[in-house]
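**Q** Just need the structure, nothing else, for what follows:
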Amino acid sequence: MYSNGDIFVGEIIGTAILILFGAGVCAAVTLNYSKAKASGWIVIAFGWGFGVMAGAYTAAPLSGGHLNPAVTLGIAIDTGEWDKTWIYVAGQMIGAMLGAVLAYLVYLAQFNANVPGGAKDAPGAQSPTPTLGIFSTIPEIRNPVANVLTEVIGTIGLVLPILAFGLTEGLGKSGTQTLIVAFLVVGIGLSLGGPTGYAINPARDLGPRVVHHFLPIPNKGTSDWSYAWVPVAGPLIGGLLAGLIYNAAF
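**A** The predicted model follows:
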C-alpha cells in the first residue's frame, strides 16, 4: 500500500514531531527559566499524547503513522508482512533523533543556562538540572526485572488496543482512530507511567538517548547507558506479545 520511500519519509517526519512535542514538554516542565517549570506529570502525559496525535496524523498518508517499532512489530505479527519492517524502524530511529535535536534547539537558551549558579545575571539563579529525563526514561526504582515488566505491560496496553481498533472500520475511515490512540497514550502515562516513565517505544527512548550523549549541554549528567536496554527490550517484548495475543483472541 505504501512505497518504501513514503514509509521512510513519513516515519521520519511523524516520529520527529512526536519527539519534538514529547521532549519539548519534558524540557518545559524540567528546565530552569521555563515558564512551564514544575507544572507536573499530567502536563507531561498530555504533551506526549498530543505529540502522538500530531505525528501520527502527519505521517498517516505516507506510512500509516506507526512511529514506534513495537507497533510495527505487532502489526507485522498480525499481518505476516515483514518486508517493510526495517524501513519503518530506520525511519523511526532517525526521526526520534531529529526530534530530540529540534527540542534541544527550542530550549537552547535554557540548556545553556544549566550551569552552576544559573544564567549569568539572571535573578534568583538556580542550581543545574539533570537533563537525561528530558530525552529518555529513568526508573524511579532501579530494578531491571520490575522495570522490564512495567514496560512490557504498558506496551501491551498500547499495541493490543491499536490492533483491535482496526476491527472497527469506521474509526480508520473517519481518522478518529489516531485521536483515540493519542488519548490512549495519555491514559498509559497517567496510569502506568509512574514506575519507569513509560517508554513503550524503543525509538522514543534510544534515539533521544543517543542525541543526549552527544549534545553539548552544560552539566547534562549521565546518559545512563547501563539502563538503556530496558526501554528497548521491554517494549519489543510487549509488542511481540500483543501481536500474539491479538492473533490468538481475535
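**Q** Identify the residues contacting the residue positioned nearest the centre of the chain.
**A** Central residue of the chain (CA atoms, centre = their mean): Arg204, 3.5 Å from the mean position. Residues in contact with Arg204 (CB atoms under 8 Å, 6 or more residues apart in numbering) are Thr15, Leu18, Ile19, Gly22, Asn68, Ala96, Pro231. Quick note: C-beta positions are derived from backbone N, CA and C, even for glycine.
**Q** Tally up the residues packed near the fifth one, please.
**A** For Asn68, the tally of surrounding residues (other CB atoms under 10 Å) stands at 33.
**Q** With only the CA atoms kept, save stretch 48-57 in CSV.
**A** This file holds the C-alpha atoms of stretch 48-57, laid out as CSV (Å, rounded to 0.1, in the frame of the first residue of the first chain):
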residue,chain,number,x,y,z
TRP,A,48,3.2,13.2,24.8
GLY,A,49,-0.3,12.4,23.8
PHE,A,50,-0.6,15.5,21.7
GLY,A,51,2.8,14.6,20.2
VAL,A,52,1.4,11.2,19.2
MET,A,53,-1.6,12.8,17.7
ALA,A,54,0.3,15.4,15.7
GLY,A,55,3.0,12.9,14.5
ALA,A,56,0.6,10.1,13.6
TYR,A,57,-1.9,12.4,11.7
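**Q** quick one: which of the contacts of Arg204 is nearest to Val148?
**A** Proximity of the contacts of Arg204 to Val148 (CB to CB) peaks at Pro231, which lies at 9.1 Å.
**Q** burial count for that closest one?
**A** Neighbour count of Pro231, defined by other CB under 10 Å: 29.
**Q** again, but for Asp83
**A** 8.
**Q** how close does it get to Ile77?
**A** Between Asp83 and Ile77 the distance is 14 Å, computed by CB to CB, to the nearest Å.
**Q** now swap in Phe8 and tell me
**A** Phe8 sits 21 Å away from Ile77, going by CB to CB.
**Q** remind me, longest helix of this protein?
**A** Looking across the chain with DSSP state H, the single longest helix is helix 4-30.
**Q** could you point out which element follows that one?
**A** Going down the chain from helix 4-30, the next helix or strand is helix 41-63, by DSSP states H and E.
**Q** Could you tell me which residues within that following helix count as buried?
**A** For helix 41-63, the neighbour count (16 or more other CB atoms under 10 Å) marks 44-60, 62-63 as buried.
**Q** wait, isn't Gly133 in contact with Gly197?
**A** Yes: here Gly133 reaches Gly197: they are 7.2 Å apart, a contact under CB atoms under 8 Å.
**Q** Noted, bye for now.
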